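Visitor: Got a sequence here, can you model it:
(4 chains)
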2 protein chains.
Amino acid sequence: MTAIKSSSTIQQNKKTALEMCPVTFTMEKIGSYWKPIIIYHLSEGSKRYSELKKAIPAVTEKMLIQHLKQLETDGLVIREARPVVPPYVTYQLSESGRQLLPVIHAMATWATAHM
Amino acid sequence: MTAIKSSSTIQQNKKTALEMCPVTFTMEKIGSYWKPIIIYHLSEGSKRYSELKKAIPAVTEKMLIQHLKQLETDGLVIREARPVVPPYVTYQLSESGRQLLPVIHAMATWATAHM
DNA sequence: AATGATACATACTTTAGGGTAAGTACTTGT
DNA sequence: ACAAGTACTTACCCTAAAGTATGTATCATT
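Guide: Here you go, the predicted model:
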């Protein structure tokens, strides 16, 4: 009666796939809506939180810090906070963050050729 | 009483941002979980639907055709169906699909250096 | 008459990402 | 005393993406 169909399959392998597929690994790091945009803006150099906000007007603050925190824990950006009031916090790309720029550029190149 | 906060902002610009940001444009095309993986497997050449299934065991059939259709309407892959029974359908990268390979490779290169 | 192979389609549910709207802490300026 | 600036935080909601399970069409073979 309940013949299970093998076509719709397991996803337990998914985790292992994630650990083994380098492209997926990269997507995990930069594959959200805002992250590439943030990285792009940081490619110009260190920026304050408020500067990023101004540079990317469409992003909400929640999304902005959320992704900045994620990028920081992933080691792609470096956060520097000076203990002053009002706060002065800057973000910049780390070395591995900078090494992502070729990826971003490859994407941009492809896009401009195909939009 | 209801002082509206300007910090949490508009997203009407988002659409325009999408149309203007090339990186976002590319992400729209390949920025899902399975698409880069599918493209990678098609980089080896034309493949049948069932071959892709076997090559990517963790994907469900729903996701597989859903993304293949999307890639097709985006002009990244070409579908060829021979009118035989049982069906014989192959997928291959189009020219713009092939031009995505540098992006995929850049991602893979970065990943292998940072996993 | 039932089974198998192939390439899908589809109804339903779950989950994750993103969005909205506000609040907080600390100090300087008026 | 109170507003203003900076860099967040948090509670709640909404939607879109992904997953589960099953169904379908066609013909050849047994």
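
Visitor: okay, CA-based contacts and neighbour counts for the rest of this
Guide: Will do.

Visitor: List the buried residues for the helix or strand containing A:Glu28?
Guide: A:Glu28 belongs to helix A:22-30 when assigned by DSSP states H and E. By 16 or more other Cα atoms under 10 Å in any protein chain shown, the buried positions in helix A:22-30 come out as A:22-27, A:29-30.

Visitor: Only the C-alpha atoms, please, for the helix or strand that that helix is followed by, written as CSV.
Guide: Per DSSP H and E, the first helix or strand lying C-terminal to helix A:22-30 is helix A:35-42. The C-alpha trace of helix A:35-42 is given here as CSV (Å, rounded to 0.1, in the frame of the first residue of the first chain):
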residue,chain,number,x,y,z
LYS,A,35,26.6,40.2,1.4
PRO,A,36,28.1,40.7,-2.1
ILE,A,37,26.9,44.3,-2.0
ILE,A,38,28.5,44.9,1.4
ILE,A,39,31.8,43.3,0.3
TYR,A,40,31.7,45.4,-2.9
HIS,A,41,31.4,48.6,-0.8
LEU,A,42,34.2,47.5,1.5
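
Visitor: can helix A:35-42 be found next to chain B?
Guide: Yes - for helix A:35-42, a contact with chain B is found by Cα under 8 Å from any Cα of the partner chain, at A:36-37.

Visitor: outside of the helix or strand just after that helix, which residues touch it?
Guide: Next in sequence after helix A:35-42, counting helices and strands by DSSP H and E, comes strand A:47-48. Applying Cα atoms under 8 Å, 6 or more residues apart in numbering or on different chains, the contact partners of strand A:47-48 are A:88-92.

Visitor: which residues touch the helix holding A:Glu28?
Guide: Contacts of helix A:22-30 (Cα under 8 Å, 6+ apart): A:18-19, A:36, A:71, A:74, B:31, B:33, B:36-37, B:104, B:107-112, B:115.

Visitor: returning to what we had before: which one of the contacts of strand A:47-48 has the most neighbours?
Guide: Counting neighbours by other Cα atoms under 10 Å in any protein chain shown, A:Gln92 comes out on top of these with 22 neighbours.

Visitor: mind checking the SS state of that one?
Guide: Under DSSP: H, G, I helix; E, B strand; the rest coil, A:Gln92 falls in the strand class.

Visitor: ok, now how distant is it from B:Tyr33?
Guide: Using Cα to Cα, to the nearest Å, one gets 27 Å for the distance from A:Gln92 to B:Tyr33.

Visitor: what does A:Glu44 give?
Guide: Counting by Cα to Cα, the gap from A:Glu44 to B:Tyr33 is 29 Å.

Visitor: more neighbours, those two?
Guide: A direct count of neighbours by other Cα under 10 Å for A:Glu44 and B:Tyr33 places B:Tyr33 higher, at 17 against 10.

Visitor: Now the more buried one. Nearest residue, chain neighbours left out?
Guide: Once flanking residues are discounted, B:Tyr33 sits nearest to A:Thr24: 7.1 Å by Cα to Cα, 6 or more residues apart in numbering or on different chains.

Visitor: how about low-confidence regions in chain A?
Guide: Confidence mapping of chain A against pLDDT under 70 gives the ranges A:1-19.

Visitor: How are the strands of it distributed by residue range?
Guide: Remark: strands assigned in chain A by DSSP state E are A:47-48, A:77-82, A:88-93.

Visitor: Pipe the ones you listed into a markdown table and attach distance to B:Ile65 per row.
Guide: Output for the strands of chain A, formatted as a markdown table (distance: least, Cα to Cα, whole Å):
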| stretch | distance to B:Ile65 |
| --- | --- |
| strand A:47-48 | 42 |
| strand A:77-82 | 37 |
| strand A:88-93 | 38 |
